[in-house]
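J.: Provide a 3D model corresponding to the input given below.
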Amino acid sequence: MSSPSTGARKADDISDAGDAHVPQRDEEAVTRFVERFAAELTEAGMQRTAARVFAALLASDDASMTSAELSGQLSISPAAVSGAVRYLSQVSMVGRERDPGSRRDRYRLHNELWYATFTQREPVLSRWERTLREGADTLGRNTPAGARVAETTAFFEFLQKELLSLMDRWQEERKGSTWTAAMPPMPPIPEARTPGTERGTGDGGN
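T.: As a prediction, the model looks like this:
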């Protein structure tokens, strides 16, 4: 029979072997990725601090961080984190939850973020189409301005139809993927809110 110390050594060996399969993060490389992707998002029009917060959450294994963690990693103030999260919440990219047994808020990316973000644009596109169609009729479709607006209407009609088809194909593609098994479960994305309507976004544990 093995001695207790032998059993303990075996348990440690098993633990070490299990840890060997966990990839070690190069935190400096991760930081470079976060800042590089945030710069790309900023170049595309997103607020800079919001872009950095989003990129940091994206690079987090469980897709969530507290205000203090974001503030420390990005070297920004809690107030800056609050403003960035408010913006990201308004565009339905990030949600807020409370740590169990704590008053601290935790910010988390939503499940199937990109799919939900794009599909929630359908009502917006529909409203644009209606307004543009009315505008084309008002301007006169045979006038240069009316023809321009009519073409814009046709473009958004085409975009909406193709977007729905594309999202359906993406769902099928995702079912057969290998990367989803490594992703932790995340809460579903809520319905999009109109920017400026969200009530106070406190920082909880700051």
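
J.: longest helix in this protein, please.
T.: Among the elements of the chain assigned as helix by DSSP state H, the one spanning the most residues is helix 144-175.

J.: for this protein, give me the ranges with low pLDDT.
T.: 1-23, 111, 116-117, 119-120, 176-206 (pLDDT under 70).

J.: redo that, cut-off 50
T.: Scanning the chain for pLDDT under 50 picks out the ranges 2-20, 186-206.

J.: and the strands in it?
T.: Counting by DSSP state E, residue ranges of the strands within the chain are 64-66, 94-98, 105-109.

J.: Glu69: neighbour count?
T.: Using other CB atoms under 10 Å as the criterion, Glu69 is surrounded by 17 other residues. C-beta here means a position set from N, CA and C on the backbone, and glycine is covered the same way.

J.: with Ala55 instead?
T.: Residues lying near Ala55 (other CB under 10 Å) number 22.

J.: I'd assumed Val34 was in contact with it.
T.: Yes: with contact defined as CB atoms under 8 Å, Ala55 counts as touching Val34 (4.4 Å).

J.: now the strands of the chain in JSON lines, with distance to Gln73?
T.: Formatted as JSON lines, the strands of the chain follow (distance: least, CB to CB, whole Å):
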{"stretch": "strand 64-66", "distance to Gln73": "7"}
{"stretch": "strand 94-98", "distance to Gln73": "15"}
{"stretch": "strand 105-109", "distance to Gln73": "12"}
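
J.: JSON lines for those, including mean neighbour count?
T.: Formatted as JSON lines, the entries for the strands of the chain read as follows, by neighbours: other CB atoms under 10 Å:
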{"stretch": "strand 64-66", "mean neighbour count": "20"}
{"stretch": "strand 94-98", "mean neighbour count": "17"}
{"stretch": "strand 105-109", "mean neighbour count": "22"}
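
J.: can you say which of those strands is nearest to Asn142?
T.: Put simply, out of the strands of the chain the one that sits nearest Asn142 is strand 94-98, at 46.9 Å, with distance taken as CB to CB.

J.: got the angle for that closest one vs strand 105-109?
T.: For strand 94-98 against strand 105-109, the angle by axes from the mean of the first three to the mean of the last three CA atoms, to 10 degrees is 150 degrees.

J.: go through stretch 77-87 and flag the buried ones.
T.: When neighbours are counted by 16 or more other CB atoms under 10 Å, the buried residues of stretch 77-87 are found to be Ala80, Val81, Ser82, Gly83, Ala84, Val85, Arg86, Tyr87.

J.: correction: the previous question concerned stretch 131-139.
T.: With the criterion 16+ other CB under 10 Å, stretch 131-139 contains buried residues Leu132, Arg133, Gly135, Ala136, Leu139.
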